[in-house]
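Colleague: curious how this folds, go ahead:
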Amino acid sequence: MADLLALLRAELGDAVVTDPTALDAARTDYSGQRSDSPPLAIVEAGTVADVQAALRLAHAHRIPVVPRGAGTGLTGGAIASAGEVVISTSRMTGILEITAADQLAVVEAGVLNADLNRALEPHGLFFAPDPASKAISTIGGNIATNAGGLLCAKYGVTREAVLGLRVVLADGSLLELGHRTVKGVTGLDLTALMIGSEGTLGIVVEATVRLLPLPTGDPATLSASFPDVVAAAAASAAITAARLRPAAMELIDALALRFIHEHLLLPTPAPGTVHLLVQFDGSSAAADAAQARAIVQHFEGRAAVTTDREEGEGMLAVRRAFHPAMAARGTVLIEDLAVPRSALPAMVAEIRAIEERFGLVIPTVAHAGDGNLHPNLIYTGETVPPEVWAAADALFRAALALGGTLTGEHGVGTLKRHWLVDELGAPQLDLQRRIKAVFDPLGILNPGKVF
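Modeller: Predicted structure coming up:
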């Protein structure tokens with residue numbers, strides 16, 4: 001280990017960080033999980049060449065490597081422990097190209113999602129993936145987890161917004177994937193394979209991303225209140241069934257709403273109040289919102305509609321405050337399940353039943369437009385209590401029974417490895433492990449994560 005540190009410093013100089021505070025920070029992420037001990041070092045890469053040099057040395061010495069961006073992951077996918085070297089791309093923040101004519105941008109992996117969109121706004125364009133962490137999460141991290149967010153009901157997840165990648169493989173070689181064209185079907189789609197691979201196949205250092213024109217006109221935002229979370233979920237499913245395409249549709253259950261209001265020092269909502277926030281954009285926004293309002297009222301909800309952009313964004317800001325509001329109450333096991341949109345009411349009912357069965361409270365929000373739910377289990381201490389793991393197991397199995405999935409946008413990391421075979425089956429999981437071995441034959445990339 002000492003020899004490797006010396007070699008890293010000789011090759012990379014001040015980019016090699018061994019400060020105890022920095023190493024300790026790399027032991028955790030936003031999932032609340034924490035490794036038993038700090039990593040050996042952090043390489044704060046400033047260039048693609050830095051990433052290549054670090055990986056060449058790690059490969060030669062068979063040292064495990066943990067790729068890391070801003071550390072905002074929610075499943076432990078970028079936490080590091082003893083004997084591992086972290087390769088951080090957080091300093092690779094160049095927006096290398098914006099080409100409005102082709103509606104694409106080329107960015108380094110450490111660019112923050114929100115910073116990219118600020119740079120695109122003068123061009124009348126935007127990058128559609130919209131995770132709740134967009135102000136603090138990187139494009140590289142969004143790609144590693146195939147992040148979604150509030151706008152993915154209409155605009156899709158990160159995979160739909162990536163045209164090409166530059167990826168450094170485990171041996172330090174640089175792979176250029178994808179294309180700059182709207183279409184491109186030459187060979188196997190290795191770009192799509194890399195997206196969502198959570199740093200197990202290579203380290204994304206640069207991305208060519210697809211851009212979209214900013215919607216014209218002001219959005220129409222509907223804020224609806226329901227006395228029952230199942231009714232709110234049924235209303236959201238009915239809005240989808242009516243062939244409406246909201247840009248965002250977010251459900252906030254009563255407990256989550258109360259905790260958020262307390263965190264933001266807002267007035268306490270009436271007991272049991274559940275919110276459904278629905279935002280439409282484009283030329284038909286006002287008409288679509290009026291149709292959605294009628295559906296809400298059919299399910300005994302009370303709704304108000306605004307076409308004021310600032311007011312609408314203020315409503316969605318309440319939803320974006322969910323994670324910090326939960327973290328303020330203790331350690332959080334943040335779950336990320338998805339079910340077919342028509343099954344959303346049934347999954348919400350399952351969450352309520354699991355609360356009662358295990359004597360827990362499980363504040364929940366959902367990207368109701370695509371059936372992606374985030375039940376949160378809050379506890380105290382550094383160790384997840386057995387009843388919390390048991391409740392999580394019940395949540396996962398309920399989602400799978402409804403035709404759903406273990407994760408809609410956060411990834412697997414270390415949090416959900418135990419249940420992966422339940423969704424994929426042993427033959428597919430074995431195939432995925434063999435694919436990883438092709439890219440990383442020594443198994444040094446993000447060991448213990450996903451597979």
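Colleague: G73 falls within a strand, correct?
Modeller: No - per DSSP: H, G, I helix; E, B strand; the rest coil, G73 lies outside any strand segment and is coil.
Colleague: what sits against it?
Modeller: By CB atoms under 8 Å, 6 or more residues apart in numbering, the contact set of G73 is 29-31, 141, 145, 410-411, 413. C-beta: built from backbone N, CA, C; applies to glycine.
Colleague: reformat these as JSON lines; add secondary structure and pLDDT.
Modeller: Output for these, formatted as JSON lines (DSSP: H, G, I helix; E, B strand; the rest coil; pLDDT from 0 to 100):
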{"residue": "D29", "secondary structure": "coil", "pLDDT": "92"}
{"residue": "Y30", "secondary structure": "coil", "pLDDT": "87"}
{"residue": "S31", "secondary structure": "coil", "pLDDT": "85"}
{"residue": "G141", "secondary structure": "helix", "pLDDT": "97"}
{"residue": "T145", "secondary structure": "helix", "pLDDT": "96"}
{"residue": "H410", "secondary structure": "coil", "pLDDT": "95"}
{"residue": "G411", "secondary structure": "coil", "pLDDT": "96"}
{"residue": "G413", "secondary structure": "coil", "pLDDT": "96"}
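Colleague: which stretches in the stretch 151-300 of the chain count as strands?
Modeller: Under the criterion DSSP state E, counting those that start in this stretch, the stretch 151-300 of the chain contains strands at 162-168, 174-178, 203-210, 212-213, 220-226, 248-252, 274-280.
Colleague: now do the stretch 301-450 of the chain
Modeller: 302-306, 331-334, 337-338, 364-367, 372-379.
Colleague: weakest of those strands by average pLDDT?
Modeller: Per-stretch mean pLDDT for those is lowest at strand 331-334 (a mean of 89).
Colleague: buried ones in it?
Modeller: Neighbour counts over strand 331-334 (16 or more other CB atoms under 10 Å) mark 331-334 as buried.
Colleague: identify the farthest-apart pair in those.
Modeller: Within these, T331 and I334 form the most distant pair, 10.2 Å apart (CB to CB).
Colleague: so what touches stretch 371-380?
Modeller: With CB under 8 Å, 6+ apart, stretch 371-380 has contacts from 148, 152, 256, 322, 326, 329-341, 343-344, 347-348, 351, 360-367, 385, 388, 391-392, 395, 399, 404, 408-409.
Colleague: and these, which are buried?
Modeller: Taking 16+ other CB under 10 Å as the criterion, what is buried in those is 148, 152, 256, 322, 326, 329, 331-339, 341, 343-344, 347-348, 351, 360, 362-367, 388, 391-392, 395, 399, 404, 408-409.
Colleague: about what we covered before: adding mean neighbour count and distance to A10, write the strands of the stretch 151-300 of the chain out as JSON lines.
Modeller: Converted to JSON lines, these look like this (neighbours: other CB atoms under 10 Å; distance: least, CB to CB, whole Å):
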{"stretch": "strand 162-168", "mean neighbour count": "23", "distance to A10": "20"}
{"stretch": "strand 174-178", "mean neighbour count": "17", "distance to A10": "22"}
{"stretch": "strand 203-210", "mean neighbour count": "25", "distance to A10": "21"}
{"stretch": "strand 212-213", "mean neighbour count": "12", "distance to A10": "46"}
{"stretch": "strand 220-226", "mean neighbour count": "24", "distance to A10": "56"}
{"stretch": "strand 248-252", "mean neighbour count": "27", "distance to A10": "50"}
{"stretch": "strand 274-280", "mean neighbour count": "27", "distance to A10": "53"}
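Colleague: what about the ones you listed, which gets the closest to A82?
Modeller: Of the strands of the stretch 151-300 of the chain, nearest to A82 by CB to CB is strand 203-210, at 20.9 Å.
Colleague: just the CA atoms of the closest one, as CSV, please.
Modeller: C-alpha atoms of strand 203-210 as CSV (Å, rounded to 0.1, in the frame of the first residue of the first chain):
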residue,chain,number,x,y,z
ILE,A,203,-15.3,5.3,-15.1
VAL,A,204,-17.3,7.8,-17.2
VAL,A,205,-15.1,10.9,-17.8
GLU,A,206,-17.1,12.7,-20.5
ALA,A,207,-20.5,12.6,-22.0
THR,A,208,-22.2,13.8,-25.2
VAL,A,209,-25.8,14.6,-24.1
ARG,A,210,-29.0,15.2,-26.0
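Colleague: between that strand and strand 162-168, how big is the angle?
Modeller: 160 degrees (axes from the mean of the first three to the mean of the last three CA atoms, to 10 degrees).
Colleague: can you pull the contacts of G408?
Modeller: Here G408 is in contact with 148, 336-338, 367, 370-373 (CB under 8 Å, 6+ apart).
Colleague: let me have those residues in TSV, extended by distance to L74.
Modeller: TSV is the format used below for the contacts of G408 (distance: CB to CB, whole Å):
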residue	distance to L74
G148	12
D336	7
L337	13
A338	14
H367	14
D370	17
G371	18
N372	13
L373	14
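Colleague: nearest to H298 among the residues you listed?
Modeller: For the contacts of G408, the nearest to H298 is G371 (20.4 Å; CB to CB).
Colleague: could I get the pLDDT score of the closest one?
Modeller: pLDDT at G371 comes out at 94.
Colleague: quick check: it vs T221, distance?
Modeller: Counting by CB to CB, to the nearest Å, the gap from G371 to T221 is 21 Å.
Colleague: before we move on, what about A41?
Modeller: Taking CB to CB, one finds A41 at 47 Å from T221.
Colleague: likewise V361?
Modeller: 29 Å.
Colleague: count of residues packed around S283?
Modeller: Neighbours of S283 under the rule other CB atoms under 10 Å: 10.
Colleague: how near is it to R293?
Modeller: 18 Å.
Colleague: and what of A437?
Modeller: Using CB to CB, A437 is found at 54 Å from R293.
Colleague: between those two, tell me which one has more neighbours.
Modeller: Between A437 and R293, R293 has the larger neighbour count (other CB under 10 Å), namely 20 against 12.
Colleague: surely the more buried one touches R302?
Modeller: No - contact criterion CB atoms under 8 Å: R293 and R302 do not qualify, at 9.9 Å.
Colleague: this completes my enquiry, with thanks.
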